[in-house]
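**Student:** Here is my input, please return the structure:
(2 chains)
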Protein chains: 2
Amino acid sequence: MTHRWPPAPRPALLTDLYELTMAASYFAEGLVGQNDQATFSAFIRKYPANRGYFVSAGLDDALGYLEEFAFSEDDLAYLTTTGLFHEDFLAYLAGLRFTGDVRAVPEGRLFFANEPVLEVTAPLIEAQIVETCLLNILHLHTLIATKAARCVWAAGGRRLVDFALRRTHGADAGMAVARACYLVGFEATSNVLAGAVSGIPITGTMAHSYIQVFPHEIDAFRAFARRYPHRSVFLIDTYDTLEGARRAARVAHELRQAGHRLLAVRLDSGDMIDLSRQVRAILDAEGLMEVQILASGGFDEFAIADAVAAGAPIDAFGVGTRMGVSWDAPATDIAYKLVDYQGRAVVKLSPGKQTLPGPKQVWRIRVDGRLDHDVLGLRDEPSALRDGEPLLQPVMRRGQRLGPPTSLADARARFRAEFSELDARHRRLIDPAPYPVCKSAALEALAAQMDEAGALG
Amino acid sequence: MTHRWPPAPRPALLTDLYELTMAASYFAEGLVGQNDQATFSAFIRKYPANRGYFVSAGLDDALGYLEEFAFSEDDLAYLTTTGLFHEDFLAYLAGLRFTGDVRAVPEGRLFFANEPVLEVTAPLIEAQIVETCLLNILHLHTLIATKAARCVWAAGGRRLVDFALRRTHGADAGMAVARACYLVGFEATSNVLAGAVSGIPITGTMAHSYIQVFPHEIDAFRAFARRYPHRSVFLIDTYDTLEGARRAARVAHELRQAGHRLLAVRLDSGDMIDLSRQVRAILDAEGLMEVQILASGGFDEFAIADAVAAGAPIDAFGVGTRMGVSWDAPATDIAYKLVDYQGRAVVKLSPGKQTLPGPKQVWRIRVDGRLDHDVLGLRDEPSALRDGEPLLQPVMRRGQRLGPPTSLADARARFRAEFSELDARHRRLIDPAPYPVCKSAALEALAAQMDEAGALG
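**Tutor:** Predicted coordinates for the structure are as follows:
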């Protein structure tokens, strides 16, 4: 049997086994009625190192997953072979669809630790069984959008391009990374499929192997310029970066004489700050002020900030692996916790992992057009008391989306606008000030009451 | 338009744009003949922190990708819209398949820094265009197999289960993680689809939400035991771990009276070393020596080693996020470099990123049944000179696999056998001793010769 890659998607089985065995137990206990409504809340408990905010992302994929959720015949055939499930439960799974409601923080909005980014209210089994995949999707997108937003902030207006695909954790990570980057302000991606699927601008330069195929470096530059006379970016570090810059300058003049223009040269190794200055000097001495410098290789928000602070004449950064795997914080502790069952608020008291009871809402309070603080409260407390903006919006009702999928361009504009309202102390790359999130009196009172009752177990 | 998740796989477009623009230039330059054979070598330059070996993994997916490589009509339609490609080149892409040869280190074998794990020899455009996806696949699998192998080593024979799916970087990372873990000796995974696709044993416990759905903790235990009287693992930390252990003990007695057996209890928060001792004491005092303790929550090789060193009575570890994202080293610097074109060895001299010329072979030298050292040499040097075992094996010829896909069970056995031959100093979790890799005289001579010539550019 030939192994195909990637395999055909089978999202209903892409779950932890316990989601299915818990569901089988609920089914056996008769917890399948319309009364057995549960609300689960997805949130990140703690900031990873140096993070002071999160960017909401991945909602569009999450809703796509919920809409398509269904077990195929192949899925059920496999489950039968495990010997873990009775026939009546498998028949139930065959007809199972997601029929619940979802409220969520729209993509591109900021959210903070302990604030729900998404809440599901649905019949217990449905709400439980979608946990693993929802977390997987939201985790990846918010993780990378947050990391990429830090890069955009560090770049201070210089252009950023996503070069991460070759070392993201798999194919769909590559897709999520391209989308999350664009959402927070990257200019383009090298990922062609992300261009096809999400309409993100695609871009690219050339590899060292391209240079090596030709007898001399300048032959490679000329060959590429013949095919792409107005889209060329020459990679100049294959043999000697400064020699490469001089050869690029020669071809840039040739292009100019033919009425074209060399877009840029690319640095990919060595001391980028020092080399960018020397290369800029070579290009300027040749009168090639319009030829830009793109730097790639090991950049993340910290290296970008260093280059910017040093005044390195780098016009654009190719940002790859370190952003694409969120190198300094490759995961968050995002969780999906039961907060309400049959209209009764519930909590968990595990040390270090306590949860807050009840379905929630977050109100964002602005003062003079700046983000001032958030109030974390209960979904159903009278919102008339708040002068803030409620963050969690209804996005799905009875398994159907409310409105068309998020437009990536809209989400991008939303991020840009809101991020500009966040004070610089919260945007700092190192040790950002915690953004103030207050609990409402009603939530505090309910949590205290549950804390006492919870000891009974 | 509804956004489906996950999207249909379109692997030929899942590539960096520059692979396609370089190919367009090669095509325009006429570099499409049978003479234009290139060899690319995939290798990891440097060990990430505390790594002293890598585990080969992902080859089966990599070959599946190469076998299926083809542009669909939709793919070509998108490429047309970019305005970057001429019609004759798009017509060429429409017929393009991978027709090259591949040699690789079989899955489950150890390999070391600077040793090729895979080499492609193919017509230039084919060999170049598959770079991004090949790297993406090999990177993820080797990264996780290596991290997971460290966990297995740390556990010293205790059982390990993969619980990473909810926070891996996407869906196919979850699949790769489950497979890579099993390859190096994990006992099972929670990922149901990995069970269906790869035949890996699946397992699971219960979530805190399950406990919270019932009025009292013990009601939850009893309900689960009713449905799974011989497969239950009770999660005991939702309210109070020691109380939870006592309640679990009561239900364990009830199960025993009915002729069944409670498999284990699970700890998921708090001081695992201390709690495991107290819980063991409670179970033992109740005569429940057969009930095991599973611990989960924040485990990686370091936390496992601490628990083992402290003699914590933990029988099995649920290993999740930190392993699944390779927390302390979420990427390697794996690269895919041109080493030969038209029978001429080539190199790159970029600072810190030099490459070694020529197609290669690695010979593994054993002394008294232990791994002694490797020799990195040229593919075509007389292997009769070596008493070692050549690591790179032909796995694909003219685009066709040589033999059936790797059996995961075989690869698992291979890893187990070879890892046991590696000295403990190379297996250490912190600052392992570098495993000796010597260059052959022929490779040294060629590299020195290229170094001189390369300065010409």
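**Student:** Which residue is the nearest non-sequential neighbour of residue A:194?
**Tutor:** residue A:178 (3.4 Å; C-beta to C-beta, 6 or more residues apart in numbering or on different chains). (Each C-beta comes from the backbone N, C-alpha and C, glycine too.)
**Student:** Are we agreed that residue A:396 is in a strand?
**Tutor:** Yes. Under DSSP: H, G, I helix; E, B strand; the rest coil, residue A:396 falls within a strand.
**Student:** which stretches of the stretch 151-300 of chain A form strands?
**Tutor:** A:159-162, A:188-189, A:233-235, A:264-267, A:292-296 (DSSP state E, counting those that start in this stretch).
**Student:** Could you export the ones you listed to JSON lines, including columns for mean pLDDT?
**Tutor:** Converted to JSON lines, the strands of the stretch 151-300 of chain A look like this (pLDDT from 0 to 100):
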{"stretch": "strand A:159-162", "mean pLDDT": "98"}
{"stretch": "strand A:188-189", "mean pLDDT": "98"}
{"stretch": "strand A:233-235", "mean pLDDT": "98"}
{"stretch": "strand A:264-267", "mean pLDDT": "98"}
{"stretch": "strand A:292-296", "mean pLDDT": "98"}
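**Student:** Tell me if the longest helix along chain A is near chain B.
**Tutor:** Assignment by DSSP state H gives helix A:131-155 as the longest helix of chain A. Yes. Helix A:131-155 is in contact with chain B by C-beta under 8 Å from any C-beta of the partner chain, via A:131-133, A:135-137, A:139-140, A:143.
**Student:** Over to stretch A:236-248?
**Tutor:** Yes. Counting by C-beta under 8 Å from any C-beta, chain B has neighbours in stretch A:236-248: A:237-241, A:243-244, A:247.
**Student:** would you list these in a markdown table and tack on neighbour count and pLDDT?
**Tutor:** Output for the residues of stretch A:236-248 next to chain B, formatted as a markdown table (neighbours: other C-beta atoms under 10 Å in any protein chain shown; pLDDT from 0 to 100):
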| residue | neighbour count | pLDDT |
| --- | --- | --- |
| A:237 | 27 | 95 |
| A:238 | 27 | 93 |
| A:239 | 21 | 92 |
| A:240 | 19 | 94 |
| A:241 | 25 | 97 |
| A:243 | 18 | 97 |
| A:244 | 26 | 98 |
| A:247 | 23 | 98 |
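**Student:** Up against chain B, what does the stretch 301-450 of chain A have?
**Tutor:** A:321-322, A:324-327, A:330-334, A:337-338, A:341, A:346-353, A:401, A:404-405.
**Student:** rerun that using 7 Å as the cut-off
**Tutor:** For the stretch 301-450 of chain A, the contact set with chain B under C-beta under 7 Å from any C-beta of the partner chain comprises A:321, A:325, A:327, A:330-331, A:337-338, A:341, A:346, A:348-353, A:405.
**Student:** circling back to that earlier point, could you dump the residues of helix A:131-155 next to chain B into TSV and include neighbour count?
**Tutor:** Shown next, in TSV, are the residues of helix A:131-155 next to chain B (neighbours: other C-beta atoms under 10 Å in any protein chain shown):
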residue	neighbour count
A:131	24
A:132	23
A:133	27
A:135	20
A:136	29
A:137	28
A:139	26
A:140	32
A:143	31
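**Student:** chain center to the longest helix of chain A, what's the gap?
**Tutor:** Distance, stretch centre to chain centre, for helix A:131-155: 3 Å (C-alpha atoms, centre = their mean, to the nearest Å).
**Student:** swap in stretch A:248-265?
**Tutor:** 38 Å.
**Student:** Can you mark which positions in it are buried?
**Tutor:** Residues A:248-249, A:251-252, A:254-255, A:260, A:262-265 are the ones in stretch A:248-265 that count as buried (16 or more other C-beta atoms under 10 Å in any protein chain shown).
**Student:** tell me the domain boundaries of chain A?
**Tutor:** A:17-143+A:336-454, A:145-324 (automatic domain parsing).
**Student:** Ranking those by mean neighbour count, which comes first?
**Tutor:** Ranked by mean neighbour count, those are led by domain A:145-324 with a mean of 22 (mean count of other C-beta atoms under 10 Å in any protein chain shown).
**Student:** Now the residue nearest to the spatial centre of chain A: closest residue in space, sequence neighbours ignored.
**Tutor:** For chain A, residue A:141 is the residue whose C-alpha lies nearest the centre (C-alpha atoms, centre = their mean; 2.4 Å). Spatial nearest neighbour of residue A:141, excluding adjacent residues (C-beta to C-beta, 6+ apart): residue A:58 at 2.8 Å.
**Student:** Let me know the pLDDT of that neighbour.
**Tutor:** In this model, residue A:58 is scored at 96, pLDDT.
**Student:** Quick check: it vs residue A:107, distance?
**Tutor:** 7 Å (C-beta to C-beta, to the nearest Å).
**Student:** can you tell me if stretch A:202-215 touches chain B.
**Tutor:** Yes. Counting by C-beta under 7 Å from any C-beta, chain B is contacted by stretch A:202-215 at A:202-210, A:212-213.
**Student:** And that stretch, how far out from the chain middle?
**Tutor:** Put simply, stretch A:202-215 sits 30 Å off its chain's centre (C-alpha atoms, centre = their mean).
**Student:** where along the stretch 351-457 of chain A do the helices fall?
**Tutor:** With helices called from DSSP state H, counting those that start in this stretch, the stretch 351-457 of chain A shows them at A:408-420, A:424-427, A:441-454.
**Student:** ok, back up a step: what's the angle from the longest helix of chain A to helix A:408-420?
**Tutor:** 60 degrees (axes from the mean of the first three to the mean of the last three C-alpha atoms, to 10 degrees).
**Student:** just checking, what packs against helix A:131-155?
**Tutor:** strand A:37-43, strand A:54-55, helix A:59-68, strand A:116-123, helix A:171-183, helix A:301-309, helix A:321-324, strand A:335-341 (3 or more C-beta pairs under 7 Å, 6 or more residues apart in numbering or on different chains; DSSP states H and E).
**Student:** what mean pLDDT does it have?
**Tutor:** The model assigns helix A:131-155 a mean pLDDT of 98.
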